[in-house]
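J.: Sequence and computational prediction follow.
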Amino acid sequence: MVDNVQLNAEGKLKHFLSIDGLSKTLLIEILDTAESFAGMSEHAVKKVPLLRGKTIVNLFFENSTRTRTTFELAAKRLSADVISMNIATSATSKGESLLDTIRNLEAMFVDMFVVRHATSGAAHFIARHSAPHISVINAGDGQHSHPTQAMLDMFTIRQIKPDFAALKIAIIGDILHSRVARSQILALNTLGAAEVRVIAPKTLLPAHVETLGVTVSHNLTEGLEDVDVIIMLRLQKERMTSALLPSESEYFKCFGLTPEKLKIAKPDAIVMHPGPINRGVEIDTRVADGPQSVILRQVGNGIAVRMAVMSMAMQVKGGS
Amino acid sequence: MVDNVQLNAEGKLKHFLSIDGLSKTLLIEILDTAESFAGMSEHAVKKVPLLRGKTIVNLFFENSTRTRTTFELAAKRLSADVISMNIATSATSKGESLLDTIRNLEAMFVDMFVVRHATSGAAHFIARHSAPHISVINAGDGQHSHPTQAMLDMFTIRQIKPDFAALKIAIIGDILHSRVARSQILALNTLGAAEVRVIAPKTLLPAHVETLGVTVSHNLTEGLEDVDVIIMLRLQKERMTSALLPSESEYFKCFGLTPEKLKIAKPDAIVMHPGPINRGVEIDTRVADGPQSVILRQVGNGIAVRMAVMSMAMQVKGGS
Amino acid sequence: MVDNVQLNAEGKLKHFLSIDGLSKTLLIEILDTAESFAGMSEHAVKKVPLLRGKTIVNLFFENSTRTRTTFELAAKRLSADVISMNIATSATSKGESLLDTIRNLEAMFVDMFVVRHATSGAAHFIARHSAPHISVINAGDGQHSHPTQAMLDMFTIRQIKPDFAALKIAIIGDILHSRVARSQILALNTLGAAEVRVIAPKTLLPAHVETLGVTVSHNLTEGLEDVDVIIMLRLQKERMTSALLPSESEYFKCFGLTPEKLKIAKPDAIVMHPGPINRGVEIDTRVADGPQSVILRQVGNGIAVRMAVMSMAMQVKGGS
């Protein structure tokens, strides 16, 4: 079985490293658990004692204030103790290896690592080499996987359009370098979406992208036809300077989502983006802030989904 | 009404952005609430559950360990969860706008922003553009306002000399660039102080300073006569190099508070300073550490006043 | 009495600054208290309310992620509020003196300082100048003392070999610059170890080292004979460039602990190291990860020992 390192002997979630190898049943269990936490965020007291006395370590080898903050909030709302480590300035600078850092933290009786790393496979590596009592959550590894982002996207879609089998979803932008897109495609196919389309210039698509279970378009106007859900990807500035793309304005002209382009999709189509958005590069500000945008709802749902994954990996039940 | 963005429909404190526009009644309510927290700091357990389950975000766009630490302590002693964000190294460095950062944090269901920013008006801007459930506390914006500092000064004065109507207060130093002085002058006048004097070289006074409701002196020896409360301001080193002042030693000779100068004021006059102090620049070390100094008492009172403002803005009652 | 600043009027621990001046009875009380916390680390809920409502400030003037993290975890598991201050980037950079920083934090009604500083004597200085209600814990000062490290080493030794009077202990490496070694030698002698040997090249031994109560060897093969406990020290890279040592490989050949060298000691000898380890410099990776190594157990014990010292200094009883 692929990636069964993620499951314990009873088939329950132990680590959350990638969507790959997880069943539809398990993904739905994550969404249902997140549902039970989502209501809580609007309570006066946004806190449950599910992970009281547990220690969660944020191991961020790559800087990401937004993702780190949502994991930290999720952990605190579960009443866990959180230690955030900026690894760039820590022990590894004394020449200690990643494995020694992990072994030392384990020895301090911590319960969970939330790992962000620029290298694909880093979270898997840590999960494979951690003590049995530790759970590992992947908060983004290289160009490989960002499974909590994908699940918060699934959660947001399901809130508004509950029947995945009826949905055509377009993912637009830099598919080639996007761990978010990889995880979304896997999750959407596992949940049985009617069609997953990727829309991008040829230079920003992986070779043999069809084998991921997607249809392909190089033209935004054609690609948006009949679509229920539009997922924009963030365009990294460095793509511009690396000769993969002519210029920001050229990119925006061809692949930027404007109010006019949006009209091509179904009238009730929703617009998503993992953030942070580049206004005027991949998305027009009128679309980002418009009535079809659910971008900020995604952010809030990120807390609920992370609370779900964290509590499930620790084998505790919860929600209100 | 000026600044009524600070008050909710019932006239209660919703944001705390500046002293401007707040009534004497409201300022006294803040002082009375702080009084109820001040005793608690000496208890064995310095914690009340007033803000349990609330999330407070320290948004510090400008570094200030001391102020950030007092807000963090105040929040923790109210049992809130605190996230401290050093914005210089975060999302905005990915090119995200201030407003997008705010929108994203709001979407995470946080309850309060504590804002420190080098630009005058930043906290007002954020308060005006935040969701209705969010409270904003100004922890210092540019040269405009530092209202919690002013209120902890008022609290300290009232502890020792309760009748503002009987008091002559001198504020000494760089009035021109000081957000602290602006807020102090407003608070003292609102609370009905008998006289507020500013003492400074002409280059460090704003034009038409009298319109703020102060009397003016350019001579420390004359200005200190008959004074009950002496508030020294911190002299920023950069004033020296900017040709506004001849030299540190020259400044100290004219405007530094020495034991000799202190004798000119009333014998029971108290000496205050917002910190951190420049020993030998604006204040002689014998005065800073002397029996009339209440500088360290101000620091402790800062916690009580910040607990008061935070709990009032969240519409919870408290104290012991 | 030496160092009696550490004890209150009843002879109880008030500060924990160095092993010097502490009685055997007190060291054993620390070990026994740590014992009561050690079991807790494996509980589902690793938290006791002993220091609820207390504020502990981590004052790290020198960067040390590992030590700071264990103190932070220890404090959180005692339910204290923790503020971590990276002093390099804080108030002192505004020109404030160490003493002013301390005075200000005291005024915020904090209860404990955990101090790490590059200057020998810094923690003593702070303890001597702090308000009576404050406890100070030394987390390493210059080349002087690192008493919590020494006590976690004693705790680890006692877990495996409870009778100190029967033990020969070898400390190997850079004795000259090591605060850890100084504290270990004092603790072992106070606890009545049969023999403490130091093994090092002459350039890495202090003058008159025998007066510390140790036997001396310059030869690892001779020195390891008959030894029950082997404590390796970390070799700082800067020693290599400072002409005190020829080269890393030369050092490893003479003083590196290999499986072959380890056989010279008693068959049940244990191998210790304060971390972080330099694999292939002072210790062979097969020894570091081998069955006689207790290096990771030391890390976990560090939490229990720090919980013990913190709760004792605050005069609260605890453990499970």
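T.: Cool, got the structure. All figures in this text were calculated on a predicted structure; none of them were measured in a lab.

J.: Output the longest helix belonging to chain A.
T.: Identified as the longest helix of chain A according to DSSP state H is helix A:295-313.

J.: Who are the packing partners of that one?
T.: Counting by 3 or more C-beta pairs under 8 Å, 6 or more residues apart in numbering or on different chains; DSSP states H and E, the packing neighbours recorded for helix A:295-313 are helix A:24-38, helix A:65-77, strand A:135-141, helix A:147-160, strand A:270-272, helix B:98-107. All C-beta atoms are positioned from the backbone trio N, CA, C, and that covers glycine.

J.: tell me the mean pLDDT for it?
T.: Helix A:295-313 shows a mean pLDDT of 97.

J.: A strand includes A:Arg239, no?
T.: No. Looking at A:Arg239 with DSSP: H, G, I helix; E, B strand; the rest coil, it is helix, so not inside a strand.

J.: For it, which non-adjacent residue is spatially closest?
T.: A:Leu245 (5.4 Å; C-beta to C-beta, 6 or more residues apart in numbering or on different chains).

J.: Surely that neighbour is in contact with A:Lys202?
T.: No. Assessed by C-beta atoms under 8 Å, A:Leu245 is found out of contact with A:Lys202, at 11.1 Å.

J.: Settle it for me: which of these two has more neighbours?
T.: Neighbours around A:Leu245 and A:Lys202, counted as other C-beta atoms under 10 Å in any protein chain shown, are more numerous at A:Leu245. The numbers are 18 against 10.

J.: what about the residue of the stretch 51-200 of chain A found nearest chain B, how many neighbours?
T.: Nearest residue of the stretch 51-200 of chain A to chain B: A:Thr65, at 3.6 Å (C-beta to the nearest C-beta). For A:Thr65, the tally of surrounding residues (other C-beta under 10 Å) stands at 22.

J.: A:Pro206 now?
T.: A:Pro206, neighbours per other C-beta under 10 Å, totals 16.

J.: now swap in A:Val209 and tell me
T.: 18.

J.: which ones are touching A:Ser293?
T.: Residues near A:Ser293 by C-beta atoms under 8 Å, 6 or more residues apart in numbering or on different chains: A:270-271, A:273, A:287.

J.: how far away is it from chain C?
T.: Separation of A:Ser293 from chain C (C-beta to the nearest C-beta, to the nearest Å): 38 Å.

J.: Leaving aside the residues adjacent along the chain, what's closest to the residue of the stretch 1-150 of chain A found nearest chain C?
T.: Closest residue of the stretch 1-150 of chain A to chain C, C-beta to the nearest C-beta: A:Gly53 (3.1 Å). Closest residue to A:Gly53 apart from its sequence neighbours, by C-beta to C-beta, 6+ apart: C:Val45 at 3.1 Å.

J.: confidence score at A:Lys317?
T.: pLDDT, read off for A:Lys317, is 67.

J.: If you could redo that for A:Val2, that was the one I meant.
T.: With respect to pLDDT, A:Val2 has a value of 45.

J.: circling back to that earlier point, quick check: the residue of the stretch 1-150 of chain A closest to chain C is in a strand.
T.: No. If the criterion is three-state DSSP, then A:Gly53 is coil and not within a strand.

J.: Who are the contact partners of it?
T.: With C-beta under 8 Å, 6+ apart, A:Gly53 has these contacts: A:81, C:43-47, C:77.

J.: cool, and A:Ser64?
T.: By C-beta under 8 Å, 6+ apart, the neighbours of A:Ser64 are A:116, A:139-140.

J.: Quick check: of those residues, which lies closest to B:Ala181?
T.: Nearest to B:Ala181, judged by C-beta to C-beta, of the contacts of A:Ser64 is A:Arg116 at 44.3 Å.

J.: that older thread, I'd like to know how far the residue nearest to A:Arg239 sits from chain B.
T.: In terms of C-beta to the nearest C-beta, A:Leu245 sits 17 Å off from chain B.

J.: Toward the C-terminus, what is the element adjacent to the lowest-mean-pLDDT helix or strand in chain A?
T.: One helix or strand of chain A scores below all others by mean pLDDT, DSSP states H and E: helix A:237-241, with a mean of 71. Next helix or strand after helix A:237-241 toward the C-terminus (DSSP states H and E): helix A:248-255.

J.: Other residues contacting that next one?
T.: Helix A:248-255 is contacted from outside by A:172-173, A:199-201, A:220, A:235, A:240, A:245, A:280-282, using C-beta under 8 Å, 6+ apart.

J.: Return the member of those residues nearest to A:Ile264.
T.: Proximity of these to A:Ile264 was ranked by C-beta to C-beta; the top entry is A:Leu220 with 8.2 Å.

J.: Quick check: A:Ala127 touching A:Asn4?
T.: No. Using C-beta under 8 Å as the test, A:Ala127 is too far from A:Asn4 to be in contact (11.3 Å).

J.: quick one, which of those two is more surrounded?
T.: Between A:Ala127 and A:Asn4, counting by other C-beta under 10 Å, A:Ala127 is the more crowded of the two (22 against 11).

J.: Pull the contacting residues for the more buried one.
T.: A:Ala127 neighbours (C-beta under 8 Å, 6+ apart): A:5-6, A:15, A:17, A:136.

J.: which of those lies closest to C:Ile303?
T.: Nearest to C:Ile303 among the contacts of A:Ala127, with distances taken as C-beta to C-beta, is A:Val136, at 21.0 Å.

J.: so how far is C:Arg103 from the residue lying closest to that closest one once chain neighbours are set aside?
T.: Once flanking residues are discounted, A:Val136 sits nearest to A:Ala127: 4.0 Å by C-beta to C-beta, 6+ apart. Distance of A:Ala127 to C:Arg103, computed by C-beta to C-beta, to the nearest Å: 47 Å.

J.: Scan the contacts of A:Gly53 and report the most crowded one.
T.: C:Arg77 (26 neighbours).

J.: ok so, going back, buried residues in the longest helix of chain A, which are they?
T.: Residues A:295-313 are the ones in helix A:295-313 that count as buried (16 or more other C-beta atoms under 10 Å in any protein chain shown).

J.: ok and it relative to helix A:147-160, angle-wise?
T.: Angle between the axes of helix A:295-313 and helix A:147-160 is 120 degrees (criterion: axes from the mean of the first three to the mean of the last three C-alpha atoms, to 10 degrees).

J.: Domain map for chain A?
T.: A:4-144+A:302-313, A:147-299 (automatic domain parsing).

J.: Reduced to three states, what does the nearest residue to A:Met272 once chain neighbours are set aside come out as?
T.: In space, and not counting its chain neighbours, A:Met272 is closest to A:Ile231: 4.7 Å by C-beta to C-beta, 6+ apart. With three-state DSSP as the basis, A:Ile231 sits in strand.

J.: what about A:Ile231, distance to A:Ser183?
T.: Using C-beta to C-beta, one gets 11 Å for the distance from A:Ile231 to A:Ser183.

J.: returning to what we had before: Serialize the contacts of helix A:248-255 to a markdown table and add fields for distance to C:Thr156.
T.: Conversion of the contacts of helix A:248-255 to a markdown table gives the following (distance: C-beta to C-beta, whole Å):
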| residue | distance to C:Thr156 |
| --- | --- |
| A:Ile172 | 57 |
| A:Gly173 | 54 |
| A:Ile199 | 60 |
| A:Ala200 | 57 |
| A:Pro201 | 60 |
| A:Leu220 | 64 |
| A:Leu235 | 53 |
| A:Met240 | 55 |
| A:Leu245 | 58 |
| A:Gly280 | 60 |
| A:Val281 | 56 |
| A:Glu282 | 55 |
